[in-house]
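[1] 3D, please:
(chains A, B, C and D)
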Number of protein chains: 2
Amino acid sequence: MHPAAQTFIEKMGLHFEGEGLPRTAGRVLGLLMLRSEPASLEEISEALQVSKASSSTNCRLLERGGMADRVSLPGDRRDYYQVDPNMTERMLDAARRKVGTLLEIMEEARTSLPEDMHSALRRVEELHDFHTFLHHELGALHERWRVRRIPGNEATRADLGEEA
Amino acid sequence: MHPAAQTFIEKMGLHFEGEGLPRTAGRVLGLLMLRSEPASLEEISEALQVSKASSSTNCRLLERGGMADRVSLPGDRRDYYQVDPNMTERMLDAARRKVGTLLEIMEEARTSLPEDMHSALRRVEELHDFHTFLHHELGALHERWRVRRIPGNEATRADLGEEA
DNA sequence: AGCACCATTCAGCACAAACTGAACGTTCTG
DNA sequence: CAGAACGTTCAGTTTGTGCTGAATGGTGCT
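    Modelled structure (predicted):
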């Protein structure tokens, strides 16, 4: 393997480890980015020097996170993986969801905390406002990224779950 | 302690654990949000049922991350901690920095990968574009949040590190 | 039916993260 | 100067996370 590829894969591993994923998952994602064709579990195991069990686990982890897709090839029983073509949008979704959970924490705190804890409620309120703001901004940002990535793909009513 | 406070603190612990911090650090942050006055290490240890060593470590961790401030009270040798009044902006900074590191990974990959790895370079390029976009957007978002939070606090040349 | 080839699951193991109590250095106080 | 009150550091322990090899179950082929 090319040394630059090796470096890239390791850096991806380190970075995604910082995001809470297993290092190997990040490495798999790095490998998948470099491959021109979908990779089988065995190929992944071989390239990354890990067991097939670990490849399987981490690939499904990536799939669950929307960063990789499991694909099948005609006349082949094996599972192949490739990076999700919409990975960037999935990452935005995930970030937005995470903001949402913190928003919920603030909402519950706001309603359940005793009224006389003024300074506490003030701080909760500020974090609530902040995450509401963030949630909204991330939605708009997502939309801007979508139209930039695929020109002519502006939002339609259908995209928002409404009738066309 | 009020049960809602207890719940809030635990939820903060769980959430920030998902962000890569020790669970206790998240709990400390939750506690600090609820306190009307800065809290000493001993008070934190007592409220959270952890050792002083752990309180000390986690408080400095929060301080390093820009989420808490170490403050001193007149005529008192103890260290007190409170949530950083600019915590939200610090969080935005941190997010932007993280995007920056991934951007650097893509930049290095773009220049060091062999030219004949077309599909790899295409994907690297897309992630590079994405993170450039994100980096820019987060800067603008940060500015919008600043003016919303403190009306009349629009950007000046000085804010951007230039002369007034 | 028997076999080969998959992916997945599981128990056991190794490594890393985080907490604790104790030791330490420092800084005030009497 | 002795002692108390701090915060920090450190060794040891516990807890959790991730990996591996082996076992399991499913699927297609002969």
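
[2] list the contacts for the residue nearest the centre of chain A?
    Centroid-nearest residue in chain A, with Cα atoms, centre = their mean: A:M91, separated by 3.5 Å. By Cβ atoms under 8 Å, 6 or more residues apart in numbering or on different chains, A:M91 lies in contact with A:66-67. Every C-beta, even on glycine, is put in place using the N, C-alpha and C of the backbone.

[3] buried ones in stretch A:131-149?
    With burial defined by 16 or more other Cβ atoms under 10 Å in any protein chain shown, the residues of stretch A:131-149 counted as buried are A:131, A:133-135, A:137-138, A:141-142, A:145-146.

[4] residue ranges with poor pLDDT in chain A?
    Along chain A, segments meeting pLDDT under 70 span A:152-164.

[5] and A:A53, how far is that from A:A94?
    Separation of A:A53 from A:A94 (Cβ to Cβ, to the nearest Å): 25 Å.

[6] These two: who's more crowded?
    More crowded of A:A53 and A:A94, by other Cβ atoms under 10 Å in any protein chain shown: A:A94, with 14 against 10.

[7] Need phi/psi at A:R70.
    phi -90, psi 120 (degrees, to the nearest 10).

[8] give me every residue that touches it.
    The contact partners of A:R70, by Cβ under 8 Å, 6+ apart, come to A:59-60, A:63, A:79-81.

[9] tell me the contacts of the residue in chain A sticking out farthest from the centre?
    Going by Cα atoms, centre = their mean, the residue of chain A most distant from its centre is A:D116, 40.0 Å out. By Cβ under 8 Å, 6+ apart, the contact set of A:D116 is empty.

[10] Could I get the contacts of A:R70 in TSV, plus columns for secondary structure, distance to A:T7 and neighbour count?
    Formatted as TSV, the contacts of A:R70 follow (DSSP: H, G, I helix; E, B strand; the rest coil; distance: Cβ to Cβ, whole Å; neighbours: other Cβ atoms under 10 Å in any protein chain shown):
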residue	secondary structure	distance to A:T7	neighbour count
A:C59	helix	22	24
A:R60	helix	26	15
A:E63	helix	25	15
A:D79	coil	27	19
A:Y80	strand	25	20
A:Y81	strand	22	27
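
[11] For the residues you listed, name the two members farthest from one another.
    A:R60 and A:Y80 (13.2 Å; Cβ to Cβ).

[12] Mark out where each domain of chain A begins and ends.
    Domain segmentation of chain A under automatic domain parsing yields A:3-83, A:87-160.

[13] at contact distance from DNA strand D, anything in the longest one?
    Right, the one you point to is domain A:3-83. Yes. Applying Cβ under 7 Å from any atom of the strand, one finds domain A:3-83 in contact with DNA strand D at A:21-24, A:49-54, A:57-58, A:75, A:77.

[14] taking those one by one, which sit in strands?
    Applying DSSP state E to those, no entry is found in strands.

[15] Give the buried subset of the residues you listed as a PyMOL selection command.
    Per 16+ other Cβ under 10 Å, the buried members of the residues of domain A:3-83 next to DNA strand D correspond to this PyMOL selection:
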select buried, chain A and resi 21+23+24+50+54+57+58
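
[16] Near DNA strand C, list only the ones from the residues of domain A:3-83 next to DNA strand D.
    A:52-53, A:57, A:77.

[17] Return the closest of the residues you listed with respect to A:G13.
    A:T57 (14.9 Å).

[18] what are the ranges of the strands in chain A?
    Using DSSP E, strands in chain A cover A:39-40, A:68-71, A:80-83.

[19] would you turn those into CSV with distance to B:L127?
    Output for those, formatted as CSV (distance: least, Cβ to Cβ, whole Å):
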stretch, distance to B:L127
strand A:39-40, 18
strand A:68-71, 14
strand A:80-83, 9
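
[20] Quick check: which of those strands is nearest to B:F16?
    It's strand A:68-71; of these, that one is closest to B:F16 (Cβ to Cβ) at 26.9 Å.

[21] Check which residues of the closest one are buried.
    By neighbour count on 16+ other Cβ under 10 Å, the buried set for strand A:68-71 is A:68-69.

[22] For chain A, what lies in contact range of DNA strand C?
    A:40-42, A:52-53, A:56-57, A:59-60, A:77-79.

[23] what separates the closest residue to A:F16 other than its chain neighbours from A:L32, distance-wise?
    Distance criterion Cβ to Cβ, 6 or more residues apart in numbering or on different chains; nearest residue to A:F16, sequence neighbours excluded, is A:G26 at 2.9 Å. From A:G26 across to A:L32, the span is 11 Å (Cβ to Cβ).

[24] what is in contact with the two at once?
    By Cβ under 8 Å, 6+ apart, no residue touches both A:G26 and A:L32.
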